[in-house]
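Q: okay, sequence plus prediction incoming.
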Amino acid sequence: MIGKYLLPVLAVFGIGFAVLTVVKGSKTIPPAQPVVDPSAPPYTSSVAGSGIIEANTENISIGTLIPGVVSQIYVSVGSKVKASDPLFRLDDRDLRAQLEVRRADLRVAEASVKVEKASLADLKNQLERAEILCNKQVISVDELDRRRYAVQIAGAKLSHARADVLSVKAQIRETETNLERIIVRAPIDGEVLQLKIHVGEFAPAGITQTPLILLGNVEPLNVRVDVDENDAWRVRSGAPAIAFLRGNRNIKTNLKFVRFEPYVVPKKSLTGDSIERVDTRVLQVIYSIEHSGLPIFAGQQMDVFIEAHDQTPRPDPLQTEQAETSKAGP
């Protein structure tokens with residue numbers, strides 16, 4: 001008797017559970033609230049752009065012309081440096097050994113010059129005597145000519161020895177220059193923003209993907225703003241702008257126009273994906289941050305709003321006339 005009603009009851013419960021699940025699943029999920037409220041433009045008409053904070057000298061990637069192992073570092077992250085201050089030094093033992101070898105070569109070359117000079121003087125003396133003896137017909141003219149040729153050969157050897165001295169001196173100057181270049185110095189007054197080299201590491205020469213040291217003048221900081229090429233015509237030189245720190249719109253600052261980068265470039269993606277293709281091109285506008293003492297750092301992003309003065313372009317009279325003529329027909 002119980003088994004007769006068990007299946008219908010289970011079926012009714014199953015249908016009810018299915019209906020309840022569908023009803024719950026069909027409820028509209030409220031949108032998630034933003035973690036931080038977006039920044040609002042303070043101008044009636046404005047152009048929005050994404051900005052990145054950088055040094056006013058731009059971020060300078062410091063490298064080395066000579067590869068080698070780092071033996072000493074004179075700065076740390078945040079160090080203030082003046083132009084020509086040392087940043088780091090490479091191991092110079094091989095260059096110093098090379099310098100000693102070339103100085104020894106110089107001593108040998110200078111000794112050779114003295115030998116050749118004495119030999120030339122002796123041959124000249126013999127030539128003078130040979131000329132007297134030839135006049136007295138004591139020696140033949142052929143012997144006199146041989147003495148003259150010997151003097152010429154000795155003069156050439158002396159010139160060669162002097163050239164060797166100049167060559168060795170040039171090699172010494174080259175080594176001394178390389179010894180100076182192993183000390184990498186600051187090109188400008190600024191602050192060390194990044195330090196990616198350590199004592200004992202090999203510093204490659206030339207362009208590296210990660211700069212050994214990132215240097216820049218951060219007083220004041222600049223903001224490089226990317227303006228979409230479709231809005232580039234709305235931005236004028238000297239237009240006021242305001243920037244909000246991304247993540248905290250309460251940290252804001254007025255901006256002072258510095259310059260336009262006259263070449264419109266492809267927009268740089270900050271996702272780090274090297275294979276991403278970006279079709280948008282942007283006009284880069286450089287602004288200077290007027291307020292000092294803000295808790296902002298080079299490399300941070302800011303939401304920037306630039307005041308725009310929109311003007312409707314006037315119609316071209318020639319185009320208007322042509323349009324009316326085409327409407328009127330032949």
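A: Here it is on my side, so go on.
Q: which parts of the chain are helices?
A: Shown for the chain, the helices assigned by DSSP state H span residues 2-25, 93-135, 141-181, 317-328.
Q: lowest average pLDDT across these?
A: Comparing mean pLDDT across the helices of the chain, the weakest is helix 317-328, with a mean of 53.
Q: and the residue sitting nearest the centre point of the chain, what does it touch?
A: Centroid-nearest residue in the chain: Ser61, 4.1 Å away (criterion: C-alpha atoms, centre = their mean). Neighbouring residues of Ser61 by C-beta atoms under 8 Å, 6 or more residues apart in numbering: Thr208, Pro211, Leu212, Ile213, Leu214. Every residue, glycine included, has its C-beta placed from N, CA and C.
Q: what about the stretch 151-300 of the chain, any weak spots by pLDDT?
A: 269-279 (pLDDT under 70).
Q: strands along that one, start to end?
A: Taking DSSP state E, counting those that start in this stretch as the test, the strands found in the stretch 151-300 of the chain are 183-185, 190-195, 202-203, 213-216, 221-228, 241-245, 248-260, 265-266, 281-289.
Q: for Ile15, find the nearest of those.
A: strand 248-260 (52.1 Å; C-beta to C-beta).
Q: re the thing from before, distance to Lys80 and mean neighbour count for the helices of the chain - can I get that in a markdown table?
A: Output for the helices of the chain, formatted as a markdown table (distance: least, C-beta to C-beta, whole Å; neighbours: other C-beta atoms under 10 Å):
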| stretch | distance to Lys80 | mean neighbour count |
| --- | --- | --- |
| helix 2-25 | 61 | 9 |
| helix 93-135 | 30 | 14 |
| helix 141-181 | 23 | 15 |
| helix 317-328 | 59 | 9 |
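Q: mind putting those into JSON lines with distance to Ile53?
A: Putting the helices of the chain into JSON lines (distance: least, C-beta to C-beta, whole Å) gives the following:
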{"stretch": "helix 2-25", "distance to Ile53": "46"}
{"stretch": "helix 93-135", "distance to Ile53": "40"}
{"stretch": "helix 141-181", "distance to Ile53": "32"}
{"stretch": "helix 317-328", "distance to Ile53": "45"}
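Q: Ile52 is nearest to which of these?
A: Of these, nearest to Ile52 by C-beta to C-beta is helix 141-181, at 32.6 Å.
Q: the closest residue in space to Lys256 that isn't next to it in sequence pairs with what?
A: Nearest non-adjacent residue to Lys256, counting by C-beta to C-beta, 6 or more residues apart in numbering: Ser288, 4.5 Å away. In this entry, Ser288 is beta-bridged to Asn222, Lys256, by DSSP bridges.
Q: is Phe305 in contact with Ser46, as I believe?
A: Yes - between Phe305 and Ser46 there is a contact at 4.5 Å, judged by C-beta atoms under 8 Å.
Q: picking up where we left off before, quickly list what the residue nearest to the centre of the chain is bridged to.
A: Leu214.
Q: and it, what pLDDT?
A: The per-residue pLDDT reported for Ser61 equals 92.
Q: distance check, it against Tyr287.
A: As judged by C-beta to C-beta, to the nearest Å, Ser61 and Tyr287 stand 23 Å apart.
Q: Val223 too?
A: With distances taken as C-beta to C-beta, Val223 is found 5 Å from Tyr287.
Q: now the common contact residues for the two.
A: Gly51, Ala243, Leu255, Val304.
Q: now stretch 62-77 - C-alpha only, PDB.
A: The C-alpha trace of stretch 62-77 is given here as PDB (Å, rounded to 0.1, in the frame of the first residue of the first chain):
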ATOM      1  CA  ILE A  62      71.600  53.500 -17.600                       C
ATOM      2  CA  GLY A  63      73.900  50.900 -19.300                       C
ATOM      3  CA  THR A  64      77.600  50.300 -19.900                       C
ATOM      4  CA  LEU A  65      79.700  50.400 -23.000                       C
ATOM      5  CA  ILE A  66      82.100  47.800 -21.700                       C
ATOM      6  CA  PRO A  67      80.800  44.400 -20.500                       C
ATOM      7  CA  GLY A  68      82.100  43.100 -17.200                       C
ATOM      8  CA  VAL A  69      81.400  41.900 -13.700                       C
ATOM      9  CA  VAL A  70      80.200  44.600 -11.200                       C
ATOM     10  CA  SER A  71      82.700  45.100  -8.400                       C
ATOM     11  CA  GLN A  72      81.200  48.000  -6.600                       C
ATOM     12  CA  ILE A  73      77.900  49.900  -6.500                       C
ATOM     13  CA  TYR A  74      77.900  53.500  -5.200                       C
ATOM     14  CA  VAL A  75      74.100  54.100  -5.000                       C
ATOM     15  CA  SER A  76      70.900  52.600  -3.900                       C
ATOM     16  CA  VAL A  77      67.300  53.000  -4.800                       C
END
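Q: contacts for it?
A: For stretch 62-77, the surrounding residues in contact (C-beta under 8 Å, 6+ apart) are 81, 85-92, 178, 181-182, 184, 186-187, 192-195, 197-208, 211-215.
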